[in-house]
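Student: Only the shape, not the letters, is given here:
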């Protein structure tokens with residue numbers, strides 16, 4: 001007895017995706033892109049069914065108006081009525097919507113004008129008494145002692161390296 005492996009997703013899940021609302025076209029596309037590659041070759045719907053599915057799902061979406069008009073103006077069976085012609089229309093509509101959103105954001109920023117730059121603030125804990133650049137905050141005694149010891153050790157190591165390179169010449 002031969003057992004068949006069942007796929008995780010089926011074309012039924014693709015056809016059950018809800019019709020996207022105005023702002024949900026990207027999520028609908030993402031879900032479709034997730035499901036489509038997972039379908040096994042024998043589970044993939046035929047081209048005609050796929051083109052009818054995408055048309056019926058997106059025909060009322062405002063971003064897809066141009067693609068759907070092209071579908072309606074074309075003869076049945078022509079390339080413009082195929083899934084392969086309509087899918088890039090989804091991608092193009094999303095890209096144009098992003099361009100429009102970016103352009104609107106730029107217009108809004110230009111309407112607001114230049115923003116006031118905040119004065120550069122001094123370092124936290126630094127006290128500026130109006131005498132030029134603020135000084136760094138003082139370190140606690142233990143931290144200062146560790147820093148001094150580390151610097152002394154580095155200086156000694158550098159001196160040893162310098163002596164050894166001088167003697168080897």
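Tutor: Great, that's in hand. If you're wondering where the values come from, they're calculated on a predicted model, not measured in any experiment. Numbers count the residues shown, from 1 in each chain.
Student: From what I see, residue 90 and residue 20 are in contact.
Tutor: No: using C-beta atoms under 8 Å, residue 90 is not in contact with residue 20; the gap is 9.8 Å. Quick note: C-beta positions are derived from backbone N, CA and C, even for glycine.
Student: Can you check which residues contact both of those two?
Tutor: Any residue near both residue 90 and residue 20 by C-beta atoms under 8 Å, 6 or more residues apart in numbering counts here, and that gives residue 58.
Student: where does the protein have low pLDDT?
Tutor: Low-confidence segments of the chain (pLDDT under 70): 1-9, 116-139, 161-169.
Student: would you list every one of the strands in the protein?
Tutor: Secondary structure of the chain by DSSP state E: no strands are present.
Student: name the helices or strands packed onto the longest helix seen in it?
Tutor: Using DSSP state H, we find that the single longest helix of the chain is helix 83-112. The contact analysis (3 or more C-beta pairs under 8 Å, 6 or more residues apart in numbering; DSSP states H and E) places helix 83-112 against helix 25-35, helix 47-58, helix 65-73.
Student: What is the neighbour count of residue 36?
Tutor: By the criterion of other C-beta atoms under 10 Å, residue 36 has 14 neighbours.
Student: who's in contact with the residue nearest to it when sequence neighbours are not counted?
Tutor: Computed as C-beta to C-beta, 6 or more residues apart in numbering, the closest residue to residue 36 that is not its neighbour in sequence is residue 14, at 6.9 Å. By C-beta under 8 Å, 6+ apart, the contact list for residue 14 reads 32, 35, 36, 39, 45, 53.
Student: From the residues you listed, list just the buried residues.
Tutor: With burial judged by 16 or more other C-beta atoms under 10 Å, the buried subset of the contacts of residue 14 is 32, 35, 39, 45, 53.
Student: from the residues you listed, which is closest to residue 97?
Tutor: residue 32 (16.7 Å; C-beta to C-beta).
Student: these two touch, right, the closest one and residue 18?
Tutor: No: in this structure, residue 32 is not within contact of residue 18 by C-beta under 8 Å, at 11.6 Å.
Student: From residue 148, how far off is residue 63?
Tutor: The gap separating residue 63 from residue 148 is 66 Å, by C-beta to C-beta, to the nearest Å.
Student: Who has more neighbours out of these two?
Tutor: Legend: neighbour count by other C-beta under 10 Å for residue 63 and residue 148, higher for residue 63 (20 against 11).
Student: list the contacts for the closest residue to that one other than its chain neighbours?
Tutor: Spatial nearest neighbour of residue 63, excluding adjacent residues (C-beta to C-beta, 6+ apart): residue 93 at 4.1 Å. Shown in contact with residue 93 (C-beta under 8 Å, 6+ apart): 25, 63, 64, 66, 67.
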